[in-house]
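Novice: I would like the atomic coordinates for the input below:
(chains A, B, C and D)
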There are 2 protein chains.
Amino acid sequence: MSAVDGKPGLRERKKQRTHAAISDAAITLFLEHGFNQVSVAQVAEAAEVSKRTLFAYFPTKEDLVVHRLADHETETARVVRDRPSDTVPLTAVREHFLKGLIERDPITGLNDHPQVRRLHRMILDAPSLVARMERFKTGAERALAQALRETADTPELTARLAAVQIVAVQWALAQDNAERLAYGEPADERYAGAVADAEHAFALLENGLRHVFM
Amino acid sequence: MSAVDGKPGLRERKKQRTHAAISDAAITLFLEHGFNQVSVAQVAEAAEVSKRTLFAYFPTKEDLVVHRLADHETETARVVRDRPSDTVPLTAVREHFLKGLIERDPITGLNDHPQVRRLHRMILDAPSLVARMERFKTGAERALAQALRETADTPELTARLAAVQIVAVQWALAQDNAERLAYGEPADERYAGAVADAEHAFALLENGLRHVFM
DNA sequence: GAGTAAATGTATACCAGGTGCAGAAATCGT
DNA sequence: ACGATTTCTGCACCTGGTATACATTTACTC
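Specialist: Numbering: from 1, shown residues only, chains lettered A, B, ... in the order given. Got it, this is the predicted structure:
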């Protein structure tokens, strides 16, 4: 058990290689033929691994795709936690999202690299993957609610309400961007609109729906 | 096709009876033994129907449970559409939700009848059912966004943003109520708190998160 | 460096949800 | 009552996922 060693040990390295091999084989096949058109058995064969081993690394077929986003699940929560002490949570989240737009972070929906777009399309075409993304969203809500409670000592319910609103809005923005790129609009061309929409959305979050309806 | 006849025809009636028989058998078995512990084959047998026929009526196992909520998917959208002309959408939704609390509408999470609570628990215990509920939520968002666009001519993106916020908040409120009832709190005792929380939540929607964090 | 315990991997058989198909049975219009 | 049309059924089949029992590899100890 060499946990803090510089050398992770052969076993560990081999595991990582296998993990990557399976994941790569999966993504490659899925992108080429579609998620539902490729069976896990085929993925296992392409990765030169038994089906059972595949399921030892990835609990479900969907995880073969979604595990790459695992870090993003707690991203917003982390942003809130790590914000400067003179910054209010919502501002930190907005700044982070705008930075994501600049960097064309795929999670903002504003990345038009063919790989990313094909991945996006693949997910939308597979209901089980869409469902998985929803679960992902729920996880983000929970993490954010906890971060709000702990760093802005927001009361329980308020934290949950704020969290679901913030996550839902970010998600909607990203979906809107991705949708437009899927339609063929280049990211660079969309950028200005994406920023404006984000500003609008976060202003809505801050000021409420009052101004919309009245 | 006798759609408006008094006589629906034998075929139609039989279909409805079969539909109900399958659904009832499913719910009964699921409540008794748990969703994952009962196979669709068992449901089919209990309903005296072939497995193939079962899937002709319900596309997936989850639908055996969720089809009962189908109407609720567009409920908020309907409320917005049918609101009096001098009422703003958010107000209509709030009033409707508060009315739901009074009536102990299960969708508000404030119904503590044993049947309802067991159903709720059953759903939470089955990941695939939870996933299905999320999809349900997404449907509600879309329907509401459209209603907002059409009856309050809210611009596309704004409508979507408002819709996801409203749906998310209602959902959070319902979940919070249901959670407390699951904990053993009687609905009548919870009622006052539920109303206060709902008012708080809708005020948040109206006035924004500004007052929370600043 | 040999030997052993622990961890990983494999083959095989199995279960459950879901679909395709061919034909039997019920319902409908006339 | 009769043919046309739906609906139901049984069966075989595919796929995702799991259990079991066994083989292989790695790591640790002396």
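Novice: please see if stretch A:159-174 touches chain B.
Specialist: Yes. Shown here: stretch A:159-174 in contact with chain B (C-beta under 8 Å from any C-beta of the partner chain) through A:160-162, A:164-169, A:171-172. C-beta: built from backbone N, CA, C; applies to glycine.
Novice: and which of these is nearest DNA strand D?
Specialist: A:W171 (23.8 Å; C-beta to the nearest atom of the strand).
Novice: model confidence for that closest one, exactly?
Specialist: For A:W171, the model assigns a pLDDT of 98.
Novice: that one reaches B:V164, doesn't it?
Specialist: Yes. Contact between A:W171 and B:V164 holds when scored by C-beta atoms under 8 Å: they sit 7.3 Å apart.
Novice: looking at the two, which has the bigger crowd around it?
Specialist: Higher neighbour count among A:W171 and B:V164: B:V164, with 27 against 20, using other C-beta atoms under 10 Å in any protein chain shown.
Novice: can you name the residues of chain A sitting close to DNA strand C?
Specialist: Contacts of chain A with DNA strand C, taken as C-beta under 7 Å from any atom of the strand, map to A:11, A:14-15, A:18, A:48-53, A:56-57.
Novice: these: which two are farthest apart?
Specialist: A:R11 and A:K51 (21.7 Å; C-beta to C-beta).
Novice: what stretches of chain A score poorly on pLDDT?
Specialist: A:1-8, A:10 (pLDDT under 70).
Novice: give me the angle between the longest helix seen in chain A and helix B:156-182.
Specialist: Counting residues, the longest helix found in chain A (DSSP state H) is helix A:156-182. Orientation check (axes from the mean of the first three to the mean of the last three C-alpha atoms, to 10 degrees): helix A:156-182 against helix B:156-182 gives 140 degrees.
Novice: please state the offset of helix A:156-182 from the chain centre?
Specialist: 12 Å (C-alpha atoms, centre = their mean, to the nearest Å).
Novice: can you lay out the residues of chain A next to DNA strand C as CSV showing distance to A:N111 and secondary structure?
Specialist: Formatted as CSV, these follow (distance: C-beta to C-beta, whole Å; DSSP: H, G, I helix; E, B strand; the rest coil):
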residue, distance to A:N111, secondary structure
A:R11, 36, helix
A:K14, 32, helix
A:K15, 30, helix
A:T18, 28, helix
A:E48, 31, coil
A:V49, 30, coil
A:S50, 35, coil
A:K51, 33, helix
A:R52, 35, helix
A:T53, 32, helix
A:A56, 32, helix
A:Y57, 27, helix
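Novice: can you list these in a markdown table and add neighbour count and distance to A:F97?
Specialist: Below are the residues of chain A next to DNA strand C laid out as a markdown table (neighbours: other C-beta atoms under 10 Å in any protein chain shown; distance: C-beta to C-beta, whole Å):
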| residue | neighbour count | distance to A:F97 |
| --- | --- | --- |
| A:R11 | 9 | 40 |
| A:K14 | 11 | 39 |
| A:K15 | 14 | 35 |
| A:T18 | 17 | 36 |
| A:E48 | 11 | 41 |
| A:V49 | 17 | 38 |
| A:S50 | 12 | 42 |
| A:K51 | 14 | 40 |
| A:R52 | 8 | 41 |
| A:T53 | 14 | 39 |
| A:A56 | 13 | 37 |
| A:Y57 | 18 | 32 |
